[in-house]
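S.K.: build me a structure from this.
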Amino acid sequence: MARRRQIYEGKAKILYEGPEPGTIIQYFKDDATAFNAQKKGTISGKGVLNNRISEHIFTLLGQIGVPTHFIRRLNMREQLVRQVEIVPIEVVVRNVAAGSLSKKLGIEEGTQLPRTLIEYCYKDDALGDPLISEEHIACFGWATQEEMHDIADMAIRINDFMCGLFAGIGIRLIDFKLEFGRLYDGDYSRIILADEISPDGCRLWDAATNEKLDKDRFRRDLGGEVEAYQEVARRLGLLPEGLDTTVLDLDTHRKKREKE
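M.R.: Below is the predicted model:
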C-alpha cells in the first residue's frame, strides 16, 4: 500500500490518512518511552508484536460486542482503523497494586485490590497526564455524563474478558490503560474503544513467577523486553509453538542465548 499523508506521530505509533474517508492507517513503531517520554529507547520488533497482539485482542473484544476502531491488519506493522475523535482521557483499570498507585499510596506492589479500580488521567504529556476525577471531566466538558457511563461500562467489561483471557495462558493482568473515541455518524456520535491494547499499556506478570512481561522491563532497566513481548504473543498463540521458545525466567533465557 502506497504511503499516505501523515496525520500525527505519537510516542509509539504514526497515523496516516486511510484509503477511504473515515479511515486511518495506524503504524506501530519500535520506539519505547517511559515517564512521559523522559526515558527513550528502542525495542527491536516491538511494533510488529504490538500490532499482532492488539489486533488479536481487539478482534476478540469485537466478537463479544465491544465496539472498537479496529477494521483489519494490513501488514506486519500497520492496521486500518476507523477515524475517531479521541476523548482526552486515559482510562486506567487496576486489579493489583503496582506502579504509581503503589508509590502514591504506599501499597506494596503485587497486593490484590479488594475491587477493580478505575482511574482517569487527563491526556497531556506536558502536564504528566495528571490524575483527574469525574468532577473535573464534567466541569471542563471533556466528556458527557452519558459518555462516561459508556466508558466505565466498557472498561469493566473489557477487564473481565481480558482477566479471563490472560489467566487462561498463565498471566496475571495487573493493570492496563484504555483510550476511547467518538465515532461520528452525521451529528450523532457514539463511544468506541480506540488506540491499542498491548504490553506497552498493560502490566502483565507470569502467574507462577511474577516475572514481568511488559514495558516495566524497559522502565526499570530489567532487560529482556523483546523476549517478554514475544512470550506474551507466543502464549496468545500468535507465534509458532515450541518447547525451546517458552520463557519463564528471562535472565536464564538471555544467558542461554549469549552462550549460543
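S.K.: point out where the stretch 101-250 of the chain drops to low pLDDT.
M.R.: 241-250 (pLDDT under 70).
S.K.: please enumerate the strands of the stretch 51-200 of the chain.
M.R.: 70-73, 78-82, 85-86, 89-96, 112-122, 131-132, 171-185, 188-194 (DSSP state E, counting those that start in this stretch).
S.K.: gap between stretch 154-171 and the chain center?
M.R.: Distance of stretch 154-171 from its chain centroid, counting by Cα atoms, centre = their mean, to the nearest Å, is 13 Å.
S.K.: who touches that stretch?
M.R.: Stretch 154-171 has contacts (Cβ atoms under 8 Å, 6 or more residues apart in numbering) with 57, 60-61, 64, 66, 91, 93, 95, 116, 118, 172-173, 176, 178, 180, 191, 193, 197, 204-208, 213, 232, 235-236. All C-beta spots, glycine's among them, are computed from the backbone N, C-alpha and C.
S.K.: now with 7 Å, please.
M.R.: Here stretch 154-171 makes contact (Cβ atoms under 7 Å, 6 or more residues apart in numbering) with 60-61, 64, 66, 91, 93, 95, 116, 118, 172-173, 178, 193, 204-208, 213, 235-236.
S.K.: equivalent analysis for stretch 128-146, please.
M.R.: Counting by Cβ under 7 Å, 6+ apart, 36, 87, 88, 89, 90, 119, 120, 121, 122, 123, 148 sit against stretch 128-146.
S.K.: just the endpoints, please. Distance across stretch 132-150?
M.R.: Terminal residues of stretch 132-150 are spaced 18 Å apart (Cα to Cα, to the nearest Å).
S.K.: distance between that stretch and the chain's centre?
M.R.: 22 Å.
S.K.: swap in stretch 137-155?
M.R.: With Cα atoms, centre = their mean, you get 20 Å for stretch 137-155.
S.K.: kindly report the same for stretch 58-73.
M.R.: 14 Å.
S.K.: buried ones in it?
M.R.: For stretch 58-73, the neighbour count (16 or more other Cβ atoms under 10 Å) marks 58, 61, 66, 67, 68, 69, 70, 71, 73 as buried.
S.K.: apart from its neighbours in sequence, what residue is nearest the first one?
M.R.: The spatially closest residue to residue 58, leaving aside those adjacent along the chain, is residue 70, at 3.9 Å (Cβ to Cβ, 6 or more residues apart in numbering).
S.K.: which strand residues bridge that neighbour?
M.R.: Per DSSP bridges, residues listed as beta-bridge partners of residue 70: residue 81.
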